[in-house]
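Participant: Have a look at this prediction, sequence included:
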Amino acid sequence: MNDRSAGLSEAQLSAYWMPYTGNRQFKRDPRIITSASGCYYLSAEGRQIFDGLSGLWTCGAGHNRREIIESIAQQASTLDYAPAFQFGHPKVFALAEQISQLMPEGLNRIFFTNSGSEAAETSLKIARAYWHKRGQPEKTKLIGRSKGYHGVNFGGISVGGISTNRTMFGSALDSDHLNHTLLSENRFSRGQPLKGDYLADELLELIQLHDAANIAALIIEPMAGSAGVLPPPRGYLERLRKICEQHDILLIFDEVITAFGRMGKATGAEYFGVTPDILNTAKQLTNGAVPMGAVAVRQDIYDTFMEKGGPKYQLELPHGYTYSGHPLACAAALATLGILHREKLFERSSELALILENYIHQLKGLPLIEDIRNCGLAAGLTIQAAPSEPLLHPYLIAMKMWHKGFYIRYSGDTLQLGVPFIAREEDLDGVINALAESILEVANGQ
Ligand SMILES: Cc1ncc(COP(=O)(O)O)c(C=O)c1O
């Protein structure tokens, strides 16, 4: 067993069925991370690795932040767990109030989950239950979008639009989909592409097909992340907002990637200037330190549940998780929001976004690159397929990057970058140079 395996035995490596991982390849050539600090990981063989995706879009404030660690430790030694149902603990209320301050106006009722996937399920259930409470129980159909990602649970994959996430599992919910907004005429756009607002009118066609009387909600990521950073065309979100309003369809923004700083603002809604009815968050909320998601809901939606809740002791919404608002997650989130605020990291992210845009578009013209996109502190590249191996090139490039000391995400035919908000310009320079080198090496068959 070599150093790269951190001394793990074959039995240990085999026992773990890794998520979203090519297990066979990984276990032959493990990439083990043993510690982290700031923008860097340390690999098992002792190499420093730059974190080009902030973990999984989670750790924008950098790794192992002292305030977060201490807050979690302090909480663990005071109250490790409190029952989430029918009882509460102080931090969960304090956190809900703080999150509500950061959400678009009116979205001030917060439901806690443990992940982005659970946030998706929660938002879809609230949408359906809302219409049920309003006396329109037939409004159940959910509209998603092709290339959308809303986690991996059955609701999320039904409204999601990434085919590989659906084919093995089937679709459980009554759903339909808009087309995605990745238009070839917008290739190499900087920020929001100019063309494509008209794609929003597909919602009118789906309304004609299904009747708004049967549709509960539209769920989209304002900027699709997992499909490879797809910023919305200018005017597109505004148009969807209007159609939803005109036809009594709830608009859910899945902001699991875009909330808490990735767009240089508290939310993508604020960045794009379009307010949904329900807004899902997770990832950056605790800076990745403890799993947590939060769903922000318009107050009048919450009020509907309260007003039509029956006797006061009765549950208004029979939904929740054992670990909803877990004390350790709340401690991590409160410390994270403190850091984001004190260190002005939304502003820092916004400044760095401009630098990233300039650097990433320098890659245009290299072989294999079919498209480059950026928005906020996020960038995506579409990589040309190898003959009969559509997903090989991104994988090979990402592996070369890892061996050069850079972690970036490869997924489908894309590469994705989402550096920490605290990264320096030199870090961006380093990652882009290494990326150019890796792309050339793969293109030349090296
Ligand atoms: C937009 C969006 N929704 C939901 C999820 C699922 O989050 P989780 O992996 O925490 O369940 C993700 C994860 O990348 C996401 O990007």
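Facilitator: Perfect, I can see it now.
Participant: Quick check: the residue of this protein nearest the ligand.
Facilitator: The minimum distance from the chain to the ligand, using CB to the nearest ligand atom, falls at residue 116 (2.3 Å). Quick note: C-beta positions are derived from backbone N, CA and C, even for glycine.
Participant: which ones are touching that residue?
Facilitator: 150, 151, 254, 256, 280, 282, 283, 293 (CB atoms under 8 Å, 6 or more residues apart in numbering).
Participant: which ones among these come in contact with the ligand?
Facilitator: Among the contacts of residue 116, the ones lying near the ligand by CB under 6 Å from any ligand atom are 150, 151, 254, 256, 282.
Participant: wouldn't residue 47 be in contact with residue 405 here?
Facilitator: Yes. With contact defined as CB atoms under 8 Å, residue 47 counts as touching residue 405 (5.9 Å).
Participant: For the helix or strand where residue 76 lies, which residues meet the burial criterion?
Facilitator: Residue 76 is part of helix 66-78 when elements are defined by DSSP states H and E. Using 16 or more other CB atoms under 10 Å as the test for burial, helix 66-78 gives 67, 68, 71, 72, 75.
Participant: Likewise for stretch 316-330?
Facilitator: Neighbour count says stretch 316-330 has 316, 317, 320, 321, 323, 324, 325, 326, 327, 328, 329, 330 buried, by 16+ other CB under 10 Å.
Participant: Kindly report the residues of this protein close to the ligand.
Facilitator: So the chain meets the ligand at 115-117, 120, 149-151, 221, 225-226, 254, 256-257, 282 (CB under 6 Å from any ligand atom).
Participant: so can I have CSV of the buried residues of helix 66-78 showing pLDDT and distance to residue 182?
Facilitator: Listed next are these as CSV, based on pLDDT from 0 to 100; distance: CB to CB, whole Å:
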residue, pLDDT, distance to residue 182
67, 98, 39
68, 98, 36
71, 98, 40
72, 98, 39
75, 98, 43
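Participant: List the contacts of the residue nearest the centre of the chain.
Facilitator: With distances taken as CA atoms, centre = their mean, the residue of the chain nearest its centroid is residue 257 (2.7 Å). Counting by CB under 8 Å, 6+ apart, residue 257 touches 57, 221, 223, 225, 226, 283, 378, 418.
Participant: one more time with 10 Å
Facilitator: Residue 257 is in contact with 54, 56-58, 116, 149, 221-226, 229, 263, 268, 281-284, 376, 378, 416, 418, counting by CB atoms under 10 Å, 6 or more residues apart in numbering.
Participant: Just the buried residues of those residues.
Facilitator: Counted by 16+ other CB under 10 Å, the contacts of residue 257 give 54, 57-58, 116, 149, 221-226, 229, 263, 268, 281-284, 376, 378, 416, 418 as buried.
Participant: Which members of these occur in strands, if any?
Facilitator: 281, 416 (DSSP state E).
Participant: Touching, residue 142 and residue 157? I think so.
Facilitator: No. Counting by CB atoms under 10 Å, residue 157 is not a contact partner of residue 142; they are 11.8 Å apart.
Participant: which residues do the two both contact?
Facilitator: If you check residue 142 and residue 157 against CB under 10 Å, 6+ apart, the residues they both contact are 150, 173, 175.
Participant: out of the residues you listed, which is most surrounded?
Facilitator: Scoring those on neighbours with other CB atoms under 10 Å, the highest-scoring entry is residue 150 at 32 neighbours.
Participant: count of residues packed around residue 270?
Facilitator: Neighbour count for residue 270, taken as other CB under 10 Å: 20.
Participant: Go through stretch 84-95 and flag the buried ones.
Facilitator: Under 16+ other CB under 10 Å, the buried positions of stretch 84-95 are 84, 89, 91, 92, 95.
Participant: ok, the residues you listed vs residue 422, which is closest?
Facilitator: residue 95 (22.6 Å; CB to CB).
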